[in-house]
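Peer 1: here are the coordinates; sequence isn't available:
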């Protein structure tokens, strides 16, 4: 058997069925009208934000990275909980606007911004995290044409990366941000052009579980911000220290020690150099805030035996849960936390594979996991489904279509 990933703490059963928001998930499926279904818990989101706020220095603002989960009702919950929102496309700008989020709370990062995206962001009053000199100059020209002083920051490609991160966003040649040695000149150019100077965005990596490594990277980001401020001769109004905090997906993964991260950052804030004394700081997190608040539910359609192995064939699959299938950047496929939702508190009694409905051997949600017996009609739950699920998976593959989504 292959071990399954750790189910996040706090999930329980009602009459043997996985429960969310005080009701068995079978009731939520009935209310939604079908499977597959993503369920997102507002209470779990609120609890995670409260936990993080308690651990971090009071001075530190908290931003939500919309790319993790752009579902409208989820954005509306976060609008009451966080200080800002980070987007990565004009499409995400439209989503935050539809959720009633003020543009002044929004920053826009990502390479390859089209002129129409820059124009929409500048006209709305969004902060642009410029990824190159050329992008900054296009933004300045668009601002001139609109008669608007654009709100511009520089995304910095730092010399360091985040140790142990699942995705390294800094260090060496990268498509993200401007190499650090070129930042001071561009900062001076932006200010001289009359733009609203908004500072730096320094993002070194994501999906790290080592609190000490995250704290070290934040310290390096502070040192870099101070150095670039000195070299540019331009005051630093704001600095986004990036994210980095991950969640446990796989066997053996342990949660981030957020208390340690907060303590180390508080120590650094207490000894900031003069260049950063008046700077506002934030971190941007997506997966850490919403990932463990989501559950993906898919129904067993068929139970079959092939060469002695049990296959539970579901109506879902990688077209909704690309990451859980092992096809979203994972080198060696390992099992996500998966359970039989309709027999959530039952003991395991067999080894089974959970597969999807697509005509590809890549469509696997669990390999040789230990499960209670499941039959057609039972529900399978994939946990840690609140981030990079519905919006990060190829729902149009083989014409299957999108899953339903509900905030509960």
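Peer 2: Yes, it's here. For clarity, every value in this text was computed on a predicted model and none was experimentally measured.
Peer 1: going forward, measure contacts and count neighbours with C-alpha atoms only.
Peer 2: Fine.
Peer 1: Show the low-confidence segments of the stretch 301-408 of the chain, by residue range.
Peer 2: 331 (pLDDT under 70).
Peer 1: continuing past the host helix or strand of residue 39, what's the next helix or strand?
Peer 2: Element membership for residue 39 (DSSP states H and E) is strand 37-40. Per DSSP H and E, the first helix or strand lying C-terminal to strand 37-40 is helix 42-55.
Peer 1: what does that next one contact?
Peer 2: 21, 74, 77, 81-82, 258-259, 261-263, 289-290, 292-293, 407-408 (CA atoms under 8 Å, 6 or more residues apart in numbering).
Peer 1: What of stretch 8-15?
Peer 2: By CA under 8 Å, 6+ apart, stretch 8-15 touches 18-20, 23-24, 292, 344-345, 383-384.
Peer 1: cool, and stretch 112-131?
Peer 2: 89-90, 93, 103-111, 135-136, 138-139, 142-143, 146, 148, 150-156, 176-178, 198, 200-201.
Peer 1: can you do 6 Å?
Peer 2: Identification of contacts with stretch 112-131 by CA atoms under 6 Å, 6 or more residues apart in numbering yields 90, 103-104, 106-109, 111, 136, 150-155, 177-178.
Peer 1: Confirm that residue 78 sits in a helix.
Peer 2: Yes. Counting by DSSP: H, G, I helix; E, B strand; the rest coil, residue 78 is part of a helix.
Peer 1: I figured residue 205 was touching residue 160, is that so?
Peer 2: No. Residue 205 is not in contact with residue 160 according to CA atoms under 6 Å; the separation is 9.6 Å.
Peer 1: and residue 245, what is it in contact with?
Peer 2: Residue 245 neighbours (CA under 6 Å, 6+ apart): 207-208, 288.
Peer 1: Let's see if you can find the most crowded of those residues.
Peer 2: Using other CA atoms under 10 Å as the neighbour test, the contacts of residue 245 are led by residue 288, with 29 neighbours.
Peer 1: if I pick that residue, what's in contact with it?
Peer 2: Counted by CA under 6 Å, 6+ apart, residue 288 has contacts 245-247.
Peer 1: How many residues are close by the closest residue in space to it that isn't next to it in sequence?
Peer 2: Residue nearest to residue 288 in three dimensions, not counting chain neighbours: residue 246, with 5.5 Å by CA to CA, 6 or more residues apart in numbering. Residue 246 has 23 neighbouring residues, counting by other CA under 10 Å.
Peer 1: got a list of what residue 246 touches?
Peer 2: Residue 246 neighbours (CA under 6 Å, 6+ apart): 207-209, 288.
Peer 1: got the contacts of residue 245 as CSV, with distance to residue 328, secondary structure and pLDDT columns?
Peer 2: Putting these into CSV (distance: CA to CA, whole Å; DSSP: H, G, I helix; E, B strand; the rest coil; pLDDT from 0 to 100) gives the following:
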residue, distance to residue 328, secondary structure, pLDDT
207, 13, coil, 86
208, 16, strand, 92
288, 17, helix, 97
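Peer 1: Need those in CSV (columns: distance to residue 309).
Peer 2: Converted to CSV, the contacts of residue 245 look like this (distance: CA to CA, whole Å):
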residue, distance to residue 309
207, 33
208, 35
288, 35
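Peer 1: Toward the C-terminus from the helix ranked longest in the chain, list the very next helix or strand.
Peer 2: Ordering each helix of the chain by length in residues (DSSP state H) puts helix 211-232 first. Next helix or strand after helix 211-232 toward the C-terminus (DSSP H and E): strand 238-240.
Peer 1: That following strand - contacts with which helices or strands?
Peer 2: When contacts are defined as 3 or more CA pairs under 6 Å, 6 or more residues apart in numbering; DSSP states H and E, strand 238-240 packs onto strand 196-202, strand 280-285.
Peer 1: could you flag which of the contacts of helix 42-55 are buried?
Peer 2: Buried subset of those (neighbour count, 16 or more other CA atoms under 10 Å): 21, 74, 77, 81-82, 258, 261-262, 289-290, 292-293, 407-408.
Peer 1: out of the contacts of residue 246, who's nearest residue 57?
Peer 2: residue 288 (17.5 Å; CA to CA).
Peer 1: From residue 46, how far off is that closest one?
Peer 2: 12 Å (CA to CA, to the nearest Å).
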